[in-house]
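Engineer: Let's see this in three dimensions:
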Amino acid sequence: MYKYTKKHQAGFTLIEIAIVMVIIGLLLGGVLKGQSMINSAKVRSLNNKIDGISAAWFAFQDRYRALPGDMIGANAAAQIGNGILATQGGDGFGTVNTAPESGFLWLHLAAAGFISGSYSGLAAPAPGAAVYDCGTGSPGVCPDNGFGLGMEISFSAVSFPAPAAAANTLYTGSNIPVVLAAELDRKIDDGIPITGGVRGGATNGALANCVAGGIYNIAVASMDCGLATRNL
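Structural biologist: Next up is the predicted model:
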């Protein structure tokens, strides 16, 4: 006659499970907090770039009584120097309204010592209905926005529809997550993408992925948004 014995299987106690859950919670909290800090740093960095460009824009005008990029080439070569050629300038009409002028703008600011970096002076494509940046070939032509695309200043009405007229506008470049674009708008303007001096937009014509119903479309979580500002 066989005698059966009951086998006992070891398991986790409630206390052990609770400890594991607490550890997982702490790890998740740390990851989320870390991501929040990274996002805040990116917003702060782009905000600083915008402030720096705005300051350079006004300082250049104060020194030379002309707009960077639009300054007549012969004057730029004589007054700015630092390798600027007489052919590297605009028409002096008070607007940065051509692709060459948008490229010369960064060359002028850097040569005058108002921004850092080395720029080629090559033409920067003007923002269109579905373009918010200097293009994928922007490194060396325009400043990088920290998200892999170039910032640009252009005389344009893009994102500022009628009755607003065309004006010299700073475009941040795209590839910016919509949540960060919204945070930056709140930081420097009214937080509304269709009003104020800062407007929200997108590349590839997918504006609804960034702005819908007059607000930033956080629900879609687009990673390809940009901003346009006239706080110059």
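Engineer: Can you report how many residues neighbour A99?
Structural biologist: A99 is flanked by 15 other residues according to other C-beta atoms under 10 Å. C-beta coordinates here come from the backbone N, C-alpha and C atoms, glycine included.
Engineer: Using the three-state scheme, assign the spatially closest residue to it that is not a sequence neighbour.
Structural biologist: Once flanking residues are discounted, A99 sits nearest to A123: 3.9 Å by C-beta to C-beta, 6 or more residues apart in numbering. Three-state call for A123 (DSSP: H, G, I helix; E, B strand; the rest coil): coil.
Engineer: mind checking the SS state of the spatially closest residue to G140 that is not a sequence neighbour?
Structural biologist: Excluding the flanking residues, the one nearest G140 by C-beta to C-beta, 6+ apart is S120, at 4.9 Å. Three-state assignment for S120 (three-state DSSP): coil.
Engineer: So which residue is smack in the middle of the protein?
Structural biologist: T172 (3.6 Å; C-alpha atoms, centre = their mean).
Engineer: which stretches of the chain aren't confidently modelled?
Structural biologist: Along the chain, segments meeting pLDDT under 70 span 1-12, 16, 25-37, 126-132, 135-139, 202-208.
Engineer: before we move on, back to that, next, the residue nearest to G140: phi, psi?
Structural biologist: phi -80, psi -30 (degrees, to the nearest 10).
Engineer: what about the residue nearest to D70 when sequence neighbours are not counted, how many residues close to it?
Structural biologist: Nearest residue to D70, sequence neighbours excluded (C-beta to C-beta, 6+ apart): G90, at 3.9 Å. Burial of G90 is recorded as 25 neighbouring residues (other C-beta under 10 Å).
Engineer: With I192 instead?
Structural biologist: When neighbours are defined as other C-beta under 10 Å, I192 has 17 of them.
Engineer: just to revisit the earlier point, what is the residue nearest to D70 paired to in the beta sheet?
Structural biologist: I72 (DSSP bridges).
Engineer: And the contacts of stretch 85-100?
Structural biologist: If you take C-beta atoms under 8 Å, 6 or more residues apart in numbering as the criterion, stretch 85-100 is touched by 66-77, 101-102, 104-105, 107-108, 121, 123-126, 153-155, 166, 168.
Engineer: Do me a favour and get the end-to-end distance for that stretch?
Structural biologist: 13 Å (C-alpha to C-alpha, to the nearest Å).
Engineer: Please state the offset of that stretch from the chain centre?
Structural biologist: 24 Å (C-alpha atoms, centre = their mean, to the nearest Å).
Engineer: which of the residues in it are buried?
Structural biologist: Residues of stretch 85-100 classed as buried by neighbour count (16 or more other C-beta atoms under 10 Å): Q88, G89, G90, T95, V96, N97, T98, P100.
Engineer: Counting only helices, which of these make the cut?
Structural biologist: Counting by DSSP state H, the part of these found in helices is P100.
Engineer: which among the buried residues of stretch 85-100 gets closest to A221?
Structural biologist: Distance to A221 across these (C-beta to C-beta) is lowest for V96, with 33.4 Å.
Engineer: so how far is D189 from the residue lying closest to that closest one once chain neighbours are set aside?
Structural biologist: Of all residues not flanking V96 in the chain, G69 sits nearest, at 4.7 Å (C-beta to C-beta, 6+ apart). Distance, G69 to D189, by C-beta to C-beta, to the nearest Å: 24 Å.
Engineer: of those two, who's got more company?
Structural biologist: A side-by-side neighbour count of G69 and D189, using other C-beta under 10 Å, places G69 first with 31 against 18.
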